Structure formats: structure tokens, C-alpha cells
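# here is a sequence with its predicted model. Questions after.
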Amino acid sequence: MDKKLRNRTLLLLLLAGIVAFVLIKVSGRQPVAKISAVKPFRHNIVSSITSNGKVEPIAPFNIFARLDTFVEKVSVSEGQNVKKGQLLLELNVKDASSQLANAKSRLLRAQEDLRAARAGGRTDDAARVDGDLAKAIGDRDGLQRHHDSLVRLLAEGAATKDELAANELALSKAQAEVNRVTAVKKEFERQVSLDTSRGDLAVQQAQSDVAVLEDKVRQGRITAPTDGTLYALPVKAGDYVKMGDLLAKMADLHQVRVRAFIDEPEMGGLEPGLPVRITWDALENRTWAGRTEITPKQVVSHSSRSVGELLCSVENAKLELLPNTNVNVRINSRERLNVLAVPRGSVETIGGQSFVFVVKDSVGKTVLERRPIQVGIADATNYEVVSGLTGEDTVALPGDADFRDGMPVKVVNLDTTNVPGGNGASN
């Protein structure tokens, strides 16, 4: 009896152990993960680069002060649209006007002196020199004729040697006077030539002075060099300005340039002619279209970034984009039409290799399979799938569970919204 009881006790203990083992195994079994999934779908993908930029005028006109003076009057306001030739501001040019009057007076005197020099000297001086020379020559020629007459008379005995000697002495003095007056005339003519050269230089200098001062006086009236928008006016009436100080900036702003700062890793996809979309936080509902023009030629430091500066031309028909404003830039660098795509969140990349988890049926259960794929371009939400998937596959979407190869799962939400013939999400 004791033996039967012992055997029965051992059997009950064995059964209890088996039951306990089964209960432990059942209680330790992990629940099957519930996941969402999606079918790869056909999609138009536009790869874009987003960054920030600054608006610049394409052909700005900077107007500077041409003299040291005061601003007398300002006729326009900053931001105003102006026409070519329109008066912008006036500077005080009273001192320059006075200097101009003096310079014009000096020019008239210099021109008069030059005309006199070119005419052979001043009329009275030239007449006096010519008269003196004509008189000396006349006196000498008269004495020469008398000398010739005395020589004949002496031969005939009608004149004396003393008379001839006295005439020869007078003739010698007359010739000396002719030589002296001739030398005076030559010196006068040399001086006239020098005066002509000096007169040319004096006239040129006076003309230059007049031109400079006339320009300064004209600069007292600052007018618009072209039609455009006056986007900077840093002076006001009463301000003192020095030569070279900035008075105004203006440009035609119907088309502007945006200097976009593109991070170095994204520069490879840039080329001229790509479509550009500009937004400005100050006008949230407005967008401006443009094109890339000049791609970066070097990488520079900008704040804490290494960037290339991309120049884009942008239409600004309503003149809403102002120079030096900070804007948002989106460049559509590449486009793929009707390509197979999956959501970006379903793609993982390790060591340069991209992969997804594909949902597979396996011997009475559903598991995940780690599938390497090749991706192409991407937009904000989707990746282009170049190879590794077909439209018949089902791709797991990330959730609370950490996916692993062979992991049992249960699909509770299958998104077929983008699948041709699909009716949306299904459970």
C-alpha cells in the first residue's frame, strides 16, 4: 500500500511538473507585434534642396556725394518708385557756385591772353616794335642813299672827304640801331611764342577748373539715373556729407537676384536653369518663381555652416521682395515621373546600404524579411525604389516595435491609398 501511494505521488509530481513547464512556456511567449504596412506605389518624385537666401538687386545704382557739403532738401522717401531724371535731393553748392564764377573769369582772361599771343602779341606792343624797326631801317636806307651820292660827288670834286666820313659814321650808327631793333623784335616774337604755350596751358587749366566746378554745381541736384525703386536713403535734410558718402541706392526691382546659401553636401545636384521657389515669412501666402543662374564656385563659411553661394534670378512683378530681406529658397534639382516609391520612414540605411522589412507568409504565420533595396531620388515623404521591390510586395511601416529579420507580426493596417485600384487603408 505504501508502494502504491509512493508511485501515485511520484506520478502526480511528474504531471504537476509538466503542467508547470507548459504554463511557464505559455506565460513567457511574447505577443505577436501588430504593425501597419504599405504597398509600393507609383509616384512623381521631385527632389528638392531647401535653404535660406538673401534678396539682392541685379543692377543697383549707388549714388555718392561728390563734394563736402550739407544736404539742403530731400524730395523723395525711401521705398518710393521714381522715374529717370526725377529730383531726389539737393545739396548746398553756394561755395562751389562762387568758385565757379571765379574760375570762369580766369578762363576769359586766359582766353584773351591766348588770342593776343596767337595774333603776334598785344596790338600796341607789336605796333611799337614794328614801328621802331621800320623807322630804323628807313633812317639807315636814307643814309645809305646819301652815302652813295657823296661818293659820286667826291669823285666829281663836288663833295669833301669830311662830309663822306661824317655820313659813314651816321650810317654805321643807323645800322647798329637796325640790328638792335631787329633783336628786340626777335625777342618780342620769342616771348609771344612762349606766351602762346603758356596761354594754352592756362586756358586748359582754367577749362578743367570750370568743368570740375560745373560738375560739382550739377551734383547739387541729385536726380534718378534710371526708372526704379529707391530702396535706401540714408540721409536727411541738414545732414553733413563728405565726398564719397552714400546718398541713395536704387534699382529696377521687377526682377531681383536671390543669393542662396547651399550646404556643401547638397551642392552636387546644382546646375543652371533649375526651377526655384521663393517664400518670405513676412508674406506667408506669397511665392515667387525663378531659375538658378550661377552655381557656386567655392565653399565659404556662413555662420556655422560651410556653404556655396548660388545665384538665382527671380520675377518680382509686384515689387514685394525688397533688397537685403532674408527668404526661404527651394530648388527642384531632379524629377522622376511615375516611378515605384515607398515612404521615407520605411527605409533604413546602414553603412550606405538601404533596406526595408517586407511582410512574408511563412508556415502558418506572418514574419518580416529584411530586404536590401536600391533607392534613387527622394522628396519630403517618399523614396524612389530603383530595385529590390515590386508593386506586389508589402512593406512594413515603423511603429512601436523594433523590427528584426524573421520577426512574427500581424498586419492590422494595410495602406493601399496610392496603389492603382486600391480603396484606401484596410484592417
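Nice, thanks for sending it over.
# make it CA atoms for all contacts and neighbour counts henceforth
Will do.
# return the helix or strand in the chain with minimum mean pLDDT.
strand 425-426 (a mean of 53; mean pLDDT, DSSP states H and E).
# in the stretch 251-400 of the chain, which spans are strands?
255-263, 275-280, 283-294, 299-302, 305-315, 326-343, 348-350, 353-362, 365-378, 382-387, 395-397 (DSSP state E, counting those that start in this stretch).
# any buried residues in the fifth one, and which?
The one in question is strand 305-315. By 16 or more other C-alpha atoms under 10 Å, the buried positions in strand 305-315 come out as 307-315.
# let me have those residues in JSON lines, extended by distance to residue 228 and pLDDT.
JSON lines is the format used below for the buried residues of strand 305-315 (distance: C-alpha to C-alpha, whole Å; pLDDT from 0 to 100):
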{"residue": "307", "distance to residue 228": "32", "pLDDT": "93"}
{"residue": "308", "distance to residue 228": "30", "pLDDT": "93"}
{"residue": "309", "distance to residue 228": "26", "pLDDT": "94"}
{"residue": "310", "distance to residue 228": "25", "pLDDT": "94"}
{"residue": "311", "distance to residue 228": "21", "pLDDT": "96"}
{"residue": "312", "distance to residue 228": "20", "pLDDT": "96"}
{"residue": "313", "distance to residue 228": "17", "pLDDT": "95"}
{"residue": "314", "distance to residue 228": "16", "pLDDT": "96"}
{"residue": "315", "distance to residue 228": "15", "pLDDT": "94"}
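# from residue 386, how far off is residue 373?
8 Å (C-alpha to C-alpha, to the nearest Å).
# secondary structure class for the closest residue to residue 111 other than its chain neighbours?
The shortest distance from residue 111 to any non-neighbouring residue, by C-alpha to C-alpha, 6 or more residues apart in numbering, is to residue 203 (6.0 Å). What DSSP: H, G, I helix; E, B strand; the rest coil gives for residue 203 is helix.
# give me the low-pLDDT residue ranges for the chain?
The model of the chain has pLDDT under 70 over residues 1-7, 19-30, 114, 116-126, 189, 192-195, 199, 417-427.
# tell me which residue lies nearest the centroid of it.
residue 58 (6.5 Å; C-alpha atoms, centre = their mean).
# hang on, that one packs against residue 259?
No. Counting by C-alpha atoms under 8 Å, residue 58 does not reach residue 259; the two are 10.8 Å apart.
# mutual contacts of these two, please.
Both residue 58 and residue 259 lack any common contact, where contact means C-alpha atoms under 8 Å, 6 or more residues apart in numbering.
# hang on, the earlier thing: and the residue nearest to residue 111, how far is that from residue 215?
18 Å.
# can you pull the buried residues of stretch 196-203?
196, 198-200, 202-203.
# hmm, I typed the wrong one, I wanted stretch 50-57.
Applying 16+ other C-alpha under 10 Å to stretch 50-57 flags 50, 52-57 as buried.
# I'd like the distance between residue 218 and residue 91.
Per C-alpha to C-alpha, residue 218 is found 10 Å from residue 91.
# which residues of the stretch 101-250 of the chain fall in helices?
According to DSSP state H, counting those that start in this stretch, the stretch 101-250 of the chain carries its helices in the segments 123-156, 161-218.
# reformat these as CSV; add distance to residue 254.
Shown next, in CSV, are these (distance: least, C-alpha to C-alpha, whole Å):
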stretch, distance to residue 254
helix 123-156, 66
helix 161-218, 30
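# out of the ones you listed, which is the most enclosed?
helix 161-218 (a mean of 17; mean count of other C-alpha atoms under 10 Å).
# touching, residue 219 and residue 66? I think so.
Yes. Using C-alpha under 8 Å, residue 219 makes contact with residue 66 at a distance of 6.7 Å.
# okay, now the domains of the chain?
The chain resolves into domains spanning 30-45+337-426, 49-58+252-335, 61-91+220-249, 94-218 when parsed by automatic domain parsing.
# let me have the ones you listed in TSV, extended by distance to residue 10.
Below are these laid out as TSV (distance: least, C-alpha to C-alpha, whole Å):
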stretch	distance to residue 10
domain 30-45+337-426	33
domain 49-58+252-335	74
domain 61-91+220-249	101
domain 94-218	123
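# mind giving me the packing neighbours of the helix or strand harbouring residue 46?
Element membership of residue 46, judged by DSSP states H and E, is strand 41-57. Counting contacts by 3 or more C-alpha pairs under 8 Å, 6 or more residues apart in numbering; DSSP states H and E, strand 41-57 is packed against strand 255-263, strand 326-343, strand 365-378, strand 382-387.
# give me that answer again for 7 Å
Under the contact criterion of 3 or more C-alpha pairs under 7 Å, 6 or more residues apart in numbering; DSSP states H and E, strand 41-57 touches strand 255-263, strand 326-343, strand 365-378.
# show me what the helix or strand that comes right after it is packed against.
As assigned by DSSP H and E, the chain's next helix or strand after strand 41-57 is strand 61-64. Secondary-structure packing of strand 61-64 (3+ C-alpha pairs under 7 Å, 6+ apart): strand 246-251.
# mind listing what's buried in the strand it packs on?
For strand 246-251, by 16+ other C-alpha under 10 Å, it's 246-251.
# ok, those vs residue 40, which is closest?
Using C-alpha to C-alpha, residue 251 comes nearest to residue 40 of these, at 51.4 Å.
# for the closest one, give the beta-bridge partners.
Per DSSP bridges, the residues bridged to residue 251 are residue 229.
# wait, it sits on residue 57?
Yes. At 6.4 Å, residue 251 counts as touching residue 57 under the criterion of C-alpha atoms under 7 Å.
# who's in contact with stretch 36-45?
Residues outside stretch 36-45 that contact it (C-alpha atoms under 7 Å, 6 or more residues apart in numbering) are 335-342, 378-379, 390-397, 411-416, 418-419.
# now the buried members of those.
339-342, 378-379, 394-397, 411, 413-416, 418-419.
# ok, and the closest non-adjacent residue to residue 378?
In this structure, residue 378 finds its nearest non-sequential neighbour in residue 47, 5.3 Å apart by C-alpha to C-alpha, 6+ apart.
# equivalent analysis for residue 50, please.
residue 330 (4.4 Å).
# count of residues packed around the one you found?
18 (other C-alpha atoms under 10 Å).
# ok, it - contacts?
Contacts of residue 330 (C-alpha under 7 Å, 6+ apart): 48-51, 276-278.
# closest to residue 84 among the residues you listed?
Looking across the contacts of residue 330 and measuring by C-alpha to C-alpha, the closest to residue 84 is residue 278, at 29.7 Å.
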